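**Q** quick one: sequence plus predicted model below, questions after.
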Amino acid sequence: MFRWLRDAWVVPELRRRVLFTGLILALYRLGSWVPAPGINSEKLKDYFNQQGGSILTLLNLFSGSALSRFSLFALGIMPYVTASIILQLLTVVIPKLEQLQKEGEAGMAKINQYTRYLTVGLAAAQSLGYAYLFHRQGALELNGGRLVLIVITLTAGTTLLMWMGELITKRGVGNGISLLIFASILATAPAGVRAWINGGPMEKLFFPIVGLGVIVAVVFIQEGQRRIPIQYAKRMVGRRQTAGGSTYMPLRVNMAGVIPVIFAAAVLAFPPTVAQFFPATQGFINHHFRPSDPPYLLLEAFLIVVFTYFYTAVQFNPTDQADNLRKYGGYIPGIRPGHPTAQYLDRVLTRLTLPGSLYLATVAVAPSLFIKYGGFSQATSRALGGTSVLIVVGVALDTMRQMESQMMMRSYEGFLK
């Protein structure tokens with residue numbers, strides 16, 4: 001382990017990327033401690049302590065406890081995630097967006113621009129709802145000017161986070177949005193560890209077993225893949241004849257990564273956000289959208305399965321892959337090029353995605369049920385529950401995989417054995 005850390009530090013470009021990523025994450029954590037104007041921190045803290053397993057605790061987890069402090073980054077990056085989901089769903093419905101998606105890099109840049117605009121609108125609406133919610137709880141004194149200032153401050157904070165995440169993706173290591181959520185969850189881990197240390201004998205004994213089981217399951221499935229054999233025929237390129245060869249196309253069991261888990265959490269956080277504008281419905285929403293209750297967990301599992309299929313379909317198009325294979329003289333032994341190849345890839349991908357989606361749903365939900373009925377504390381379940389561990393391990397694996405590719409480009413031995 002120390003060997004590849006040393007080798008990674010020796011590579012100048014990789015060292016710059018790691019340091020840049022660390023700097024952005026440090027600035028993110030610093031901004032989560034800068035409070036919004038007019039907030040009563042003690043009353044707000046008492047209000048969150050009374051929430052127990054409500055949806056606000058989950059939203060607070062994804063913001064790295066910034067929401068419980070009502071700080072500059074109180075909304076976190078979740079408005080951007082929600083906007084991304086909406087745009088991806090609209091791409092299937094609206095022909096113009098679908099056409100933009102097929103235009104390549106220029107079209108995706110236009111869709112990303114629409115996503116940013118929608119993020120600003122969602123962040124403004126969400127900050128307005130939180131301001132009224134905390135005002136009703138006596139934790140925030142409001143007037144017209146202060147309300148406008150709070151909405152502008154929180155919306156600007158989300159916009160800044162969106163920009164920071166894109167900077168990490170472009171100039172750092174890993175996916176910037178996922179790393180921001182990763183850092184938020186890790187920020188609450190010490191509280192969960194303290195709660196586990198101070199917990200009862202059953203909690204001390206069984207919680208490490210649950211955590212280790214989740215980590216092993218995530219690594220085992222995330223690294224699993226189906227290798228489709230590909231054969232290339234000899235062909236003439238200009239006056240040269242290229243030699244044929246054989247290789248394989250790796251199809252991962254879980255091609256979507258942890259994105260479906262994040263998407264499901266964002267969708268389930270939307271009804272409580274809307275309920276903040278309609279106080280009469282807030283009791284019903286809080287009763288049926290508690291993250292530790294079985295109905296919530298079943299709905300979360302269902303959404304994870306749906307988003308796994310949806311995101312896999314967005315990431316991998318069998319028709320395009322079959323066309324690319326035919327263009328470069330490749331074929332799958334025993335399968336005719338063209339449409340039969342696309343059908344074969346679609347069938348294999350569908351069969352792979354089913355166990356991958358069920359695995360994601362099980363790993364996200366089962367530990368939460370075990371913690372709920374095992375008598376574990378709320379602090380432990382919030383910080384170290386199934387969803388939290390799944391996102392942390394999945395994002396860490398994806399980031400390590402990118403670092404490994406950087407190392408292999410420079411003939412260093414990778415660290416993912």
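**A** Happy to help now that I have it.
**Q** okay, now the unreliable bits of the stretch 251-400 of the chain?
**A** For the stretch 251-400 of the chain, the stretches with pLDDT under 70 are 272-292, 371-372, 374-386.
**Q** in it, which spans are helices?
**A** 259-275, 282-288, 294-315, 318-327, 339-373, 378-384, 386-409 (DSSP state H, counting those that start in this stretch).
**Q** repeat for the stretch 1-150 of the chain
**A** 2-10, 12-31, 41-49, 55-62, 66-69, 78-93, 95-102, 105-136, 144-171.
**Q** make TSV out of these and add mean pLDDT and distance to P229.
**A** From N, CA and C alone the C-beta is placed, and that goes for glycine too. Below are the helices of the stretch 1-150 of the chain laid out as TSV (pLDDT from 0 to 100; distance: least, Cβ to Cβ, whole Å):
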stretch	mean pLDDT	distance to P229
helix 2-10	66	31
helix 12-31	87	33
helix 41-49	76	55
helix 55-62	74	42
helix 66-69	84	49
helix 78-93	83	32
helix 95-102	81	29
helix 105-136	86	31
helix 144-171	90	33
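**Q** I'd say P35 and A74 touch.
**A** No: taking Cβ atoms under 8 Å as the definition, P35 is not a contact partner of A74, at 9.0 Å.
**Q** comparing the two, which residue is more hemmed in?
**A** A74 (30 against 16; other Cβ atoms under 10 Å).
**Q** tell me the phi and psi of the more buried one?
**A** phi -60, psi -30 (degrees, to the nearest 10).
**Q** so it touches G64, yeah?
**A** No: look at A74 against G64 with Cβ under 8 Å: they stay out of range, at 10.0 Å.
**Q** before we move on, the earlier item: quick one, which of the helices of the stretch 251-400 of the chain is nearest to E13?
**A** For E13, the closest of the helices of the stretch 251-400 of the chain is helix 386-409, at 7.4 Å, according to Cβ to Cβ.
**Q** just the CA coordinates for the closest one, please, in CSV.
**A** Only the C-alpha atoms of helix 386-409 are listed here, as CSV (Å, rounded to 0.1, in the frame of the first residue of the first chain):
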residue,chain,number,x,y,z
GLY,A,386,-26.1,0.8,4.5
THR,A,387,-26.6,3.8,2.1
SER,A,388,-23.7,5.7,3.7
VAL,A,389,-21.2,2.8,3.5
LEU,A,390,-22.4,1.9,0.0
ILE,A,391,-21.8,5.4,-1.3
VAL,A,392,-18.4,5.8,0.5
VAL,A,393,-17.0,2.4,-0.7
GLY,A,394,-18.4,2.8,-4.2
VAL,A,395,-17.0,6.3,-4.7
ALA,A,396,-13.6,5.2,-3.2
LEU,A,397,-13.4,2.3,-5.7
ASP,A,398,-14.2,4.5,-8.7
THR,A,399,-11.6,7.1,-7.6
MET,A,400,-9.0,4.4,-7.0
ARG,A,401,-9.8,2.9,-10.5
GLN,A,402,-9.1,6.3,-12.1
MET,A,403,-5.8,6.7,-10.1
GLU,A,404,-4.9,3.2,-11.3
SER,A,405,-5.4,4.1,-14.9
GLN,A,406,-3.2,7.1,-14.4
MET,A,407,-0.5,4.9,-12.9
MET,A,408,-0.7,2.3,-15.6
MET,A,409,-0.2,4.9,-18.3
